[in-house]
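Q: no sequence on this one, just coordinates:
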């Protein structure tokens, strides 16, 4: 009995030590993890002689390895890691206490150590997914009273356990010190602001960061698709660039949101682009935040937890352009080839008709008990196949599905073949129906990633103007161009690029009560969807023969709106021609009378149209009306 009492006392001390260390982890991550490491090692030593159970000792070793890995990777505070460690240490302690009294009791508690429990699977993933820490420099502005010893030295000691720290004195006024603590640490800006609210923390941005970001945006795709470099050299260069880009311009999604919002964040480990000091404001607890890539940019999306459709989310803000390639699953379907980021795919499965359950005239597939994926027998997008509309496959013919997640919802996509492809996401110059992203392969081939439901949020696109790379001087005069029988007089300042003819890709979109022809062009890592001549005329017939006569492609840009014109002829004049030109575009009237922009454009044939800075936006709205007006 005395032995049991002594062991109980010893275990009680370890319980207390582990609880203190885990509490300290939230206040001083490195010290907390170091004390947790020591306490677990002591706990391991004391239990080796009194607990004869292999699973217990294996899981205790797994826990120690995870703590070691967290220390090596920078000892970054994570609420998720803290909760995982609390749960697994509690399981170990419960088993140890039960074992010292009765082995039968211990056999009942062994389920606490099972890898079927989510906490152990999550702990195991910690050691697999940790990476080299990113050290950033922060400045915390501070005004405090009292002596240097009572204020500055106190905080220097607290901050020194987080990284390299220094204090810069700015002024002394009315016996108060004012200055800045400069800290280089792997901790997040959100954690620093929560842990030390007495300082006004800011991320110190390198003045060259923005120009460096632009440089990477320009050259990454160039080297990614280079055929002139040898593969080993190209891979080494891309690996080096990727490491720098991730270090400078990417962060885990959770690090960009307020620390007290972690319970409302989904996909929180996803690496996303960020701008210095881009901590986002708090949002309602009824909403869930998650990152989503749309048109080559990452957005913060907010979704009502009770909302079950894709229409139930909206964009809070844009985080920036995604400039890193990633690995995709490309599936061949009855509607054509489509691409999906592997990070957004749950898995591929061989299925039969018996694997699907009906619900409200739809079919669902459940790869796991808590996941229900809607079967997409028909897709909103389809490739053109000799102008024929694809035939929707039958349920009995579905043999394989890829489960994809979009906007917090799962979809099961039937496929005929599946391949893995590394690709670069192009930057969409404008939003387009049905297309989520356009991916560029190593050979510069374009693969579409579709939205999988028709009702989607309207994104506020953060489009920077296309810069004219061919000239650095101001452009004067007018371009006189012919586009499918329409004579355009274009103010030269609208022309961002004048290129040899660029071939368009075509596809079908099913939505808004019908089937619509669309086209797009990819050029230098960007995708353009507003193109003249249109993919079809006002009667719905495909309009390819006219396009084949084109000799040039002109990129027009103004106020974030990009348009490509396929020109059959082009000339320049230093002055505005005297001929009468159409200058005004009554958007609402023409949409109503010509069934949208397609009929409107064909009604101009044989006429001259003037485009300048004053009427360009109304011209764009008339030809490509917003979905709410079309």
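A: Happy to help now that I have it. Fair warning: this is a prediction, and the values are worked out from it, not measured in the lab.
Q: Endpoint to endpoint, stretch 101-115 covers what distance?
A: Stretch 101-115 has an end-to-end distance of 24 Å (criterion: Cα to Cα, to the nearest Å).
Q: now the closest residue to residue 133 other than its chain neighbours, what's its secondary structure?
A: Spatially, and ignoring its direct neighbours in sequence, residue 133 is nearest to residue 74 (2.9 Å; Cβ to Cβ, 6 or more residues apart in numbering). Yep, even glycine has a C-beta here, placed from its N, CA and C like the rest. The assignment at residue 74 comes out as coil when based on DSSP: H, G, I helix; E, B strand; the rest coil.
Q: Was I right to think residue 74 contacts residue 163?
A: No - at 9.0 Å, residue 74 and residue 163 do not qualify as touching, with contact defined as Cβ atoms under 8 Å.
Q: hey, what's in contact with both of these two?
A: Listed as contacting both residue 74 and residue 163 by Cβ atoms under 8 Å, 6 or more residues apart in numbering are 135, 186.
Q: so what's residue 449 up against?
A: Neighbouring residues of residue 449 by Cβ under 8 Å, 6+ apart: 338, 339, 340, 341, 435, 436, 437, 438, 439.
Q: Same list (these) but as CSV, adding neighbour count and distance to residue 453.
A: Shown next, in CSV, are these (neighbours: other Cβ atoms under 10 Å; distance: Cβ to Cβ, whole Å):
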residue, neighbour count, distance to residue 453
338, 26, 14
339, 22, 18
340, 25, 15
341, 20, 17
435, 22, 13
436, 23, 11
437, 25, 15
438, 27, 19
439, 26, 20
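Q: Can you tell me which of those end up in strands?
A: In strands, judged by DSSP state E, the following of the contacts of residue 449 are found: 338, 339, 340, 341, 435, 436, 437, 438, 439.
Q: Now flag whichever of those is closest to residue 504.
A: Among the ones in strands among the contacts of residue 449, residue 438 lies closest to residue 504 (Cβ to Cβ), at 12.6 Å.
Q: Verify the stated contact: that closest one with residue 423.
A: No - counting by Cβ under 8 Å, residue 438 stays clear of residue 423, with 9.6 Å between them.
Q: Common neighbours of the two, please.
A: Among the neighbours of residue 438, those also in contact with residue 423 (Cβ under 8 Å, 6+ apart) are residue 447.
Q: Tell me, how many residues neighbour residue 153?
A: Per other Cβ atoms under 10 Å, the neighbour tally for residue 153 reads 12.
Q: Quick one: list the elements packing against whatever helix or strand it lives in.
A: Assigned by DSSP states H and E, residue 153 belongs to helix 152-160. Under the contact definition 3 or more Cβ pairs under 8 Å, 6 or more residues apart in numbering; DSSP states H and E, helix 152-160 sits against strand 163-173, strand 176-185.
Q: switch the cut-off to 6 Å
A: Where contact means 3 or more Cβ pairs under 6 Å, 6 or more residues apart in numbering; DSSP states H and E, helix 152-160 is packed against strand 163-173.
Q: quick one: strands adjacent to the strand it packs on?
A: Strand 163-173 pairs in its sheet with strand 176-185 (antiparallel), by DSSP bridges.
Q: Can you list the buried residues in the strand it pairs with?
A: In terms of neighbour count (16 or more other Cβ atoms under 10 Å), strand 176-185 has its buried residues at 177, 179, 180, 181, 182, 183, 185.
Q: Specify the angle between that strand and helix 152-160 in degrees.
A: If you take axes from the mean of the first three to the mean of the last three Cα atoms, to 10 degrees, strand 176-185 sits at 10 degrees to helix 152-160.
Q: picking up where we left off before, pull the most distant pair out of the buried residues of strand 176-185.
A: 177 and 185 (22.2 Å).
Q: State the distance from the residue lying closest to residue 271 once chain neighbours are set aside to residue 272.
A: Of all residues not flanking residue 271 in the chain, residue 250 sits nearest, at 4.7 Å (Cβ to Cβ, 6+ apart). Separation of residue 250 from residue 272 (Cβ to Cβ, to the nearest Å) stands at 7 Å.
Q: which one of the two has more residues nearby?
A: Neighbour count, other Cβ under 10 Å: between residue 250 and residue 272, residue 272 has more, with 24 against 21.
Q: List the contacts of the more buried one.
A: 253, 291, 298, 319 (Cβ atoms under 6 Å, 6 or more residues apart in numbering).
Q: Name the SS class of it, please.
A: Classification of residue 272 using three-state DSSP returns strand.
Q: again with residue 449
A: Three-state call for residue 449 (three-state DSSP): strand.
Q: Could you tell me the per-residue confidence at it?
A: Here the pLDDT value assigned to residue 449 is 96.
Q: And it, how far from residue 514?
A: Separation of residue 449 from residue 514 (Cβ to Cβ): 23 Å.
Q: One more: residue 57?
A: 66 Å.
Q: Which one of the two is surrounded by more residues?
A: residue 57 (15 against 8).
Q: any idea how the protein splits into domains?
A: For the chain, automatic domain parsing gives the domain ranges 2-129, 136-204, 206-454, 478-623.
Q: pLDDT of the helix holding residue 153, averaged?
A: 87.
Q: ok, residues contacting that helix?
A: By Cβ under 6 Å, 6+ apart, helix 152-160 touches 165, 167, 183.
Q: name the element residue 97 belongs to?
A: Using DSSP H and E, the element containing residue 97 is helix 79-101.
Q: what's the helix or strand following that helix in contact with?
A: As assigned by DSSP H and E, the chain's next helix or strand after helix 79-101 is helix 103-109. Helix 103-109 is contacted by residues 94, 95, 98, 99 when judged by Cβ under 6 Å, 6+ apart.
Q: at 8 Å what do you get?
A: Outside helix 103-109, the residues that touch it by Cβ under 8 Å, 6+ apart are 53, 94, 95, 98, 99.
Q: so the first one makes contact with residue 99?
A: To tie it back to what came earlier, the one meant is residue 53. Yes - the criterion here is Cβ under 8 Å, and residue 53 meets it with residue 99 at 6.7 Å.
Q: and those two? which has more neighbours close in?
A: A count of neighbours by other Cβ under 10 Å puts residue 99 above the other of residue 53 and residue 99, at 21 against 17.
Q: quick one: the more buried one from residue 12, how far?
A: 15 Å.
Q: now swap in residue 359 and tell me
A: 52 Å.
Q: Among the contacts of helix 152-160, which one lies nearest to residue 124?
A: Nearest to residue 124 among these is residue 183, at 32.3 Å by Cβ to Cβ.
Q: wait, what's in contact with the closest one?
A: 137, 138, 139, 140, 159, 162, 163, 164, 165, 192.
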